[in-house]
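J.: Whatever this is, show me its structure:
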Amino acid sequence: MKAKVISINTSEKKGVRKKPVAEASISADFGIEGDAHASGDWHRQVSLLALESIRKMQDKGLDVGPGDFAENITTEGIDLPVLPIGTKLVLGQDVEGEVSQIGKVCHDRCAIYEQAGDCVMPREGIFIKVTKGGLLRTGDPIRVL
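T.: This is a model prediction of the structure:
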């Protein structure tokens with residue numbers, strides 16, 4: 001299976017589930033235009049989580065889907081947490097990024113954790129710093145360089 005973008009998700013506020021959009025403009029050294037997490041002054045500009053990780057939570061009985069873990073991009077066909085920091089990715093035709101963090105520390109227990117007693121984003125989500133911007137659409141391919 002080729003790696004691809006399953007969903008692009010944004011929110012106006014931090015700490016909430018993100019809603020899917022058909023396409024997004026992604027800016028270098030910033031992130032997804034209109035998303036609360038976009039910021040040029042840190043390394044976590046765009047977050048990615050695999051659909052395979054979301055399915056693990058669905059298998060525990062949770063009614064969750066793309067964007068519910070506050071990830072910007074839901075992927076399929078790529079094992080995200082094994083990518084070393086510094087790995088370069090091409091998303092769609094134009095967008096390029098570099099893996100800047102694997103997982104994260106959750107200081108507050110989110111609604112997902114409260115529901116399931118677990119959350120995959122801290123272990124299996126990754127973050128990238130955007131090195132080249134462009135337009136990204138649902139269904140676009142993802143390549144590891």
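J.: what residues does stretch 89-104 touch?
T.: 5, 26, 43-46, 73, 81, 83-88, 121-137, 140-145 (CB atoms under 8 Å, 6 or more residues apart in numbering). Every C-beta, even on glycine, is put in place using the N, C-alpha and C of the backbone.
J.: could you redo the last one with a cut-off of 7 Å?
T.: With contact meaning CB atoms under 7 Å, 6 or more residues apart in numbering, stretch 89-104 is reached by 5, 26, 43-44, 46, 81, 83-88, 121-123, 125-137, 140, 142-145.
J.: Buried residues, that stretch. List them.
T.: Neighbour counts over stretch 89-104 (16 or more other CB atoms under 10 Å) mark 89, 90, 91, 92, 95, 96, 97, 98, 99, 100, 102 as buried.
J.: got it, and stretch 46-53?
T.: 46, 47, 48, 49, 50, 51, 53.
J.: Which members of these occur in strands, if any?
T.: Within those, residues falling in strands by DSSP state E are 46, 47, 48, 49, 50.
J.: helix/strand/coil for the closest residue to the fourth one other than its chain neighbours?
T.: Read it as residue 49. The shortest distance from residue 49 to any non-neighbouring residue, by CB to CB, 6 or more residues apart in numbering, is to residue 71 (3.7 Å). What DSSP: H, G, I helix; E, B strand; the rest coil gives for residue 71 is coil.
J.: Could you count how many residues lie near residue 71?
T.: 29 (other CB atoms under 10 Å).
J.: so what's it up against?
T.: Applying CB under 7 Å, 6+ apart, the residues contacting residue 71 are 9, 47, 48, 49, 121, 125.
J.: Tell me the bridge partners for the residue nearest to the last one when sequence neighbours are not counted.
T.: I take that to be residue 125. Among residues not flanking residue 125 along the chain, residue 49 sits closest, at 4.4 Å (CB to CB, 6+ apart). Beta-bridge partners for residue 49, by DSSP bridges, are residue 74.
J.: Model confidence for residue 2, exactly?
T.: Note on residue 2: pLDDT of 94.
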